[in-house]
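In: Quick one: sequence and predicted model below, then my questions.
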Amino acid sequence: MENHPPKCKFTLILLFIISLSLGLISFILCIAAEIKRNKEEDLRWNGKFCYLPTSKAFGLGIATLVSLFFAHIIGNFVLVRNFYSRRKSISQFKMPSIAKILFLISWFSYGIVVILLIAATNMSRRQVYGKGWLNGECYIVKGGTYSASAILIFVTIGSINASAFSTLKSSQEYRDQKIHKLSG
């Protein structure tokens, strides 16, 4: 039967749900940041220098980054914990190819979304006269940046959790094959 005690299965399922919940929170915060980002009408120009006030997207962007970080770490923990516990109990168990591909997709999309969110969140801070964001110029976050990040958050969290789930499913299939070989 199953080599994991029920408490361990419950913990993995709970961590899986927490990871998905944090991913959903990240998505919602990202959409809220898109709505609350600075618009062109917020920009003030005195003829020589520009000024842009801090938008609420700054705090929402930081909250998005924090919740995404924890969601991704928890998802990776579930994957690694599941994989290595299967490897100990089934000596020839290997991570399925689909799990490896999903794992790489999750890290690639995670890297892109973190870069987008850091840049957009940094641009959402107050840009004072003469200082700006870069070289004394004011920059406004382009519309759709946070929305694109929200989509990438779904890709990131979905792929890491699907990867963890695929190792769970494939180990069950392997165990079923092993039982059929022994009985037949």
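Out: Sure thing, it's come through.
In: Would you map the helices across this structure?
Out: Taking DSSP state H to define them, one finds helices in the chain at 6-36, 57-89, 97-123, 145-183.
In: Give me the angle between the first one and helix 97-123.
Out: When you say that, I think you mean helix 6-36. 40 degrees (axes from the mean of the first three to the mean of the last three CA atoms, to 10 degrees).
In: now this protein, which segments are flagged as low pLDDT?
Out: 1-9, 83-93, 127-128, 130-138, 168-184 (pLDDT under 70).
In: if we go to 50?
Out: In the predicted model, the chain carries pLDDT under 50 at residues 1-2, 4-6, 170-172, 174.
In: Give the burial count for the closest residue to Y51 other than its chain neighbours, as a bare number.
Out: In space, and not counting its chain neighbours, Y51 is closest to R44: 4.3 Å by CB to CB, 6 or more residues apart in numbering. Every C-beta, even on glycine, is put in place using the N, C-alpha and C of the backbone. Counted with other CB atoms under 10 Å, residues neighbouring R44 total 13.
In: Of the helices of the chain, which is nearest Y139?
Out: helix 97-123 (5.1 Å; CB to CB).
In: Counting neighbours, which bits of the closest one end up buried?
Out: 99, 102-103, 105-106, 109-110, 113-114, 116-117, 120-121, 123 (16 or more other CB atoms under 10 Å).
In: gap between that helix and the chain center?
Out: 7 Å (CA atoms, centre = their mean, to the nearest Å).
In: how many degrees apart are it and helix 57-89 in direction?
Out: 160 degrees.
In: packing partners for helix 97-123?
Out: helix 6-36, helix 57-89, helix 145-183 (3 or more CB pairs under 8 Å, 6 or more residues apart in numbering; DSSP states H and E).
In: out of those, deepest packed?
Out: helix 57-89 (a mean of 20; mean count of other CB atoms under 10 Å).
In: about what we covered before: nearest to C50, out of the helices of the chain?
Out: Proximity to C50, assessed across those by CB to CB, is greatest for helix 97-123 (12.6 Å).
In: How many neighbouring residues does R126 have?
Out: Neighbour tally, R126, other CB under 10 Å: 13.
In: I'd like to know how far it sits from S166.
Out: Per CB to CB, to the nearest Å, R126 is found 45 Å from S166.
In: okay if I get the helices of the chain as a markdown table plus distance to F49?
Out: Listed next are the helices of the chain as a markdown table, based on distance: least, CB to CB, whole Å:
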| stretch | distance to F49 |
| --- | --- |
| helix 6-36 | 25 |
| helix 57-89 | 21 |
| helix 97-123 | 17 |
| helix 145-183 | 24 |
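In: re earlier: quick one: the helices and strands packed on helix 97-123 as a markdown table, columns for distance to Y51 too.
Out: Compiled in a markdown table, these are given as follows (distance: least, CB to CB, whole Å):
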| stretch | distance to Y51 |
| --- | --- |
| helix 6-36 | 18 |
| helix 57-89 | 15 |
| helix 145-183 | 21 |
